[in-house]
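Enquirer: okay, predicted coordinates and the sequence, questions at the end:
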Amino acid sequence: MDLRKRNFLTLLDYTPEEIRYLLDLSKDFKNKKHNSIEHRYLKGKNIVLLFEKTSTRTRCAFEVAGLDLGMGVTYLDPGSSQMGKKESIEDTAKVLGRMYDGIEYRGYDQKIVETLAEHAGVPVWNGLTTDFHPTQMLADVMTVEENFGHLDGIKLVFFGDARNNVANSLMVVCAKMGMHFVSCGPKDLWPDSTLVEKCRNIAEETGATIEMTEDVLKASENADVIYTDVWVSMGEPDEVWNERIKLLSPYQVNKKIMDNANENAIFLHCLPSFHDLNTTIGKDIYEKYGLKEMEVTDEVFTSDKSKVFDEAENRLHTIKAVVYATMREDNE
Ligand code: CP
Ligand code: NVA
C-alpha cells in the first residue's frame with residue numbers, strides 16, 4: 001500500500017483497502033503511544049495547520065501527531081493569516097508549499113481545500129469543511145471496530161442534521177466499509193441526492209446499504225451504533241437555531257432510542273456536544289428555548305454505552321496515520 005504524497009480531502013477518494021491500511025496503521029500508532037515507544041519517523045519535516053474555524057480535537061490531534069512524529073508544527077488560527085482576505089487560496093498554497101511538507105485546512109467550502117491541494121505540491125489534509133470531515137471518520141470506525149471487532153454488517157444510525165459534514169462523511173465511510181448506514185432526520189435536512197447516489201453505487205460493490213428515514217423507532221431497531229452531532233454547525237448563522245430546534249427535537253438521542261437499539265449498542269458523537277448547561281451556548285439556548293440538553297441527553301452521553309472519549313482519543317492515532325502515510329519517504 002502506497003499513499004505517499006496523496007491528499008486527504010474526502011474518503012470518496014480512498015478505496016476500502018486504503019482505509020483498512022490507515023486503520024491498521026492507527027492501531028499500531030495507538031499501541032506505540034500507549035507503550036511509550038518512540039516514533040519520530042518524520043524528523044526534520046514541518047507541517048502547517050490552517051484553521052478558519054475553531055477546534056479542540058482536530059487541532060490538538062494534528063499538533064500532537066506532528067510532534068510525536070518528530071516534526072515542527074505551525075498553527076495559524078482563524079484570522080491570523082493573509083489567506084482569503086489579502087491573498088488568494090492559490091497563492092497561499094504556493095507559498096506554504098514552499099515552506100512546509102504538509103498542510104492541514106479547516107474551514108468552509110470543499111473547493112477551498114481542493115484549490116489548496118491543487119497548488120501546494122505537498123499533501124493537504126481536510127480537517128473539516130462544510131461538506132466533509134474525513135479524519136473524524138477514521139476515528140469513528142476505529143472506535144466501532146474496537147467495540148465490535150469488525151465493521152462489515154454493522155448498522156450505524158445517524159440522528160439529526162443528516163446533511164452536515166459529519167453525516168455526509170459517515171454515509172461515505174459506511175458505504176466504503178460495507179456497513180449499514182441509516183440517516184434519520186426530517187426530509188428537509190436529508191443529504192444531497194448526488195452524494196446519496198454516489199454512496200449507493202459504492203455500496204453495491206461493498207455490500208453496504210444506505211437508507212434515509214424520518215422514523216426514529218424503525219431507524220434505531222437492531223442498531224449497533226447510534227450517532228449524533230450538533231444541530232447547528234460552525235459557520236451557520238445564529239438565526240437558524242429556532243428552526244433547527246423545532247425540526248430536530250424529535251430526533252434527540254435519548255434512553256428510549258438507546259433501549260430500542262441492540263443490547264450492546266454504543267453511542268458516538270464527534271464532539272463538542274450540547275448535553276448539559278455547562279457551555280455558554282447551552283445556557284443561551286436554555287434561556288431562550290428552555291432546553292436543558294439538545295442533540296443527546298446527559299443520561300445517554302454519560303452512560304456506559306457512550307464511547308465518545310475513546311472516539312476523541314482515536315482522533316490522535318488516526319490523524320497520525322494519515323499524516324505519516326502521506327508524508328513518509330520510504331515505503332518499507
Ligand atoms: N470533532 C471535532 O472535529 O472536534 P473539534 O471541532 O474540537 O476539532
Ligand atoms: N457538524 C459540526 C462538526 C464539528 C466537529 C460542525 O461543523 O460544527
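Expert: Structure's in. What do you need? Ligands and ions are numbered 1, 2, ... in the order given.
Enquirer: report the contact partners of the closest residue to T279 other than its chain neighbours.
Expert: Nearest residue to T279 in three dimensions, chain neighbours excluded: P272, at 7.6 Å (C-beta to C-beta, 6 or more residues apart in numbering). From N, CA and C alone the C-beta is placed, and that goes for glycine too. The neighbours of P272, taking C-beta atoms under 8 Å, 6 or more residues apart in numbering as the test, are 56, 230, 279.
Enquirer: and if we set it to 10 Å?
Expert: With C-beta atoms under 10 Å, 6 or more residues apart in numbering as the criterion, the residues that contact P272 are 54-57, 229-230, 234, 279, 281-282, 312.
Enquirer: same check, this time on G70
Expert: Residues near G70 by C-beta under 10 Å, 6+ apart: 38-45.
Enquirer: check for me that the residue nearest to T279 belongs to a helix.
Expert: No: with DSSP: H, G, I helix; E, B strand; the rest coil as the criterion, P272 is coil rather than part of a helix.
Enquirer: check the contacts of G70 against ligand 2, which are close?
Expert: With C-beta under 6 Å from any ligand atom as the criterion, no member of the contacts of G70 is in contact with ligand 2.
Enquirer: and which of these is nearest E221?
Expert: Using C-beta to C-beta, H39 comes nearest to E221 of these, at 42.9 Å.
Enquirer: let's verify the closest one: helix, strand, or coil?
Expert: Local secondary structure at H39 is given as coil here, using three-state DSSP.
Enquirer: I'd guessed it sits against G66; true?
Expert: No: with contact defined as C-beta atoms under 10 Å, H39 does not count as touching G66 (11.9 Å).
Enquirer: list the contacts for the spatially most central residue of the chain?
Expert: Ranked by distance to the mean C-alpha position of the chain (C-alpha atoms, centre = their mean), the top residue is Q136 at 2.4 Å. Applying C-beta under 10 Å, 6+ apart, we find Q136 in contact with 57-58, 61, 126-128, 165-166, 169-170, 173, 229, 270-271, 311, 314-315, 318-319.
Enquirer: residues of the stretch 201-332 of the chain that sit close to ligand 1?
Expert: Within the stretch 201-332 of the chain, the positions lying close to ligand 1 (C-beta under 6 Å from any ligand atom) are 270-272.
Enquirer: now with 5 Å?
Expert: In this structure, the stretch 201-332 of the chain approaches ligand 1 at residues C270, judged by C-beta under 5 Å from any ligand atom.
Enquirer: thinking again about what came up before, quick one: the residue nearest to T279 from G127, how far?
Expert: 15 Å (C-beta to C-beta, to the nearest Å).
Enquirer: near ligand 2, which residues of the stretch 201-332 of the chain show up?
Expert: Contact residues of the stretch 201-332 of the chain with respect to ligand 2, defined by C-beta under 5 Å from any ligand atom, are listed as 229, 233-234, 270.
Enquirer: for these, which one is nearest E293?
Expert: So of these, ranked by how close each gets to E293 (C-beta to C-beta), first place is D229, at 14.3 Å.
Enquirer: show me the contacts for the nearest residue to the closest one once chain neighbours are set aside.
Expert: Computed as C-beta to C-beta, 6+ apart, the closest residue to D229 that is not its neighbour in sequence is V166, at 4.5 Å. Contacts for V166 (C-beta under 10 Å, 6+ apart) come out as 128, 132-133, 136-137, 140, 158, 160, 227-230, 233, 269-270.
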